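>>> Fold the following for me, if possible:
(one chain, ligands or ions: 2)
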Amino acid sequence: MRQRCYCLTAHHQPLVRREEDVPEPKGGEVLVKILGAGVCHSDIHIWDGEYDLGGGKKLVLKDRGVSLPLVMGHEIAGEVAALGPDAKGVRVGDKVLVYPWLGCGECPICLRDEENLCLKPSSLGVYRAGGYAEYVLAPRAKYCIDLGGLDPAEAAPLACSGVTTYSALRKFGPAIADAPVVIMGAGGLGHMALSILRA
Ligand SMILES: [Zn+2]
Ligand SMILES: [Zn+2]
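Ligands and ions are numbered 1, 2, ... in the order given. Purely as a prediction, here's the structure:
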């Protein structure tokens, strides 16, 4: 089976439409047919190849192990299309949000489910193929989170701006119920923080 994907092949250049083989899930992998993929501001930095840190300093993504060609897109929601022989916990047809912040999966940090802090990151759409395609491979079923009836296109950003702002809001603890909360900036994350705060 073939799929279309939109690939970053050179910085500051339009994404290139490509045809590729759909990956076949092996071991515990899960193949997800993409129904929604968000565009994050970080994708613009990846497209640039660097972050401007101010004061003339730059964070160059190549130095951090990000290499081209790359299918970007780390906000992904879709439908489970196929399972590797050892994949357990999801079924074909399940609608899921795909958790993208993957680590090596083996170190002590990953084993206590803090993969986003792993020193060998392997995030979808950053270090490995992400959501600007028809299918994406999740290395394990635990990264596929039940959408619970949410619209895939609306839910996709929960995987990035959603977890980022939820993490920040959660730091308030119980005080969030009675103290006023000031949200700085009304961009993507600001609006997401507002939605989560209301919820
Ligand atoms: Zn993002
Ligand atoms: Zn790790």
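>>> near ligand 2, which residues of the protein?
103, 104, 107, 110, 118 (C-beta under 5 Å from the ion). Heads up, the C-betas are built off the backbone N, CA and C, glycines and all.
>>> now do 8 Å
103-111, 115, 118-120 (C-beta under 8 Å from the ion).
>>> Buried subset of those residues, written for PyMOL?
Command for PyMOL that selects the buried part of those, burial taken from 16 or more other C-beta atoms under 10 Å:
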select buried, resi 103+105+109+110+115+118
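>>> from what I can see residue 25 touches residue 137, true?
Yes: using C-beta atoms under 8 Å, residue 25 is in contact with residue 137, at 6.4 Å.
>>> For those two, list the residues in contact with both.
residue 31 (C-beta atoms under 8 Å, 6 or more residues apart in numbering).
>>> More neighbours: these two, which one.
residue 25 (23 against 20; other C-beta atoms under 10 Å).
>>> can you map out the helices along the protein?
Applying DSSP state H to the chain gives helices spanning 41-48, 108-111, 152-155, 161-170, 188-198.
>>> Centre-most residue in this structure?
Geometric centre of the chain, nearest residue: residue 74, 2.7 Å, by C-alpha atoms, centre = their mean.
>>> I'd guessed it sits against residue 124; true?
Yes: between residue 74 and residue 124 there is a contact under C-beta under 8 Å: 5.5 Å.
>>> shared neighbours, those two?
Listed as contacting both residue 74 and residue 124 by C-beta under 8 Å, 6+ apart are 100, 130, 131.
>>> In a markdown table: the residues you listed, plus distance to residue 50.
A markdown table is the format used below for the shared contacts of residue 74 and residue 124 (distance: C-beta to C-beta, whole Å):
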| residue | distance to residue 50 |
| --- | --- |
| 100 | 21 |
| 130 | 19 |
| 131 | 22 |
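>>> Please check these and keep the buried ones.
For the shared contacts of residue 74 and residue 124, a burial check counting by 16+ other C-beta under 10 Å picks out 100, 130, 131.
>>> what sits against residue 88?
With the criterion set at C-beta under 8 Å, 6+ apart, residue 88 makes contact with 28, 141.
>>> Residue 117 versus that one, what's the distance?
25 Å (C-beta to C-beta, to the nearest Å).
>>> Tell me where this protein has strands.
Along the chain, counting by DSSP state E, strands occupy 2-7, 16-21, 30-38, 50-54, 57-60, 75-83, 95-98, 135-138, 144-146.
>>> what packs against the fifth one?
It stands for strand 57-60. If you count contacts as 3 or more C-beta pairs under 8 Å, 6 or more residues apart in numbering; DSSP states H and E, strand 57-60 packs onto strand 50-54.
>>> any idea of the mean pLDDT in the strand it packs on?
Strand 50-54 shows a mean pLDDT of 91.
>>> so residue 73 touches residue 126, yeah?
No: using C-beta under 8 Å, residue 73 is not in contact with residue 126; the gap is 9.4 Å.
>>> If you count surrounding residues, which of the two has more?
Neighbour tally, residue 73 and residue 126, criterion other C-beta under 10 Å: the higher count belongs to residue 73, 26 against 23.
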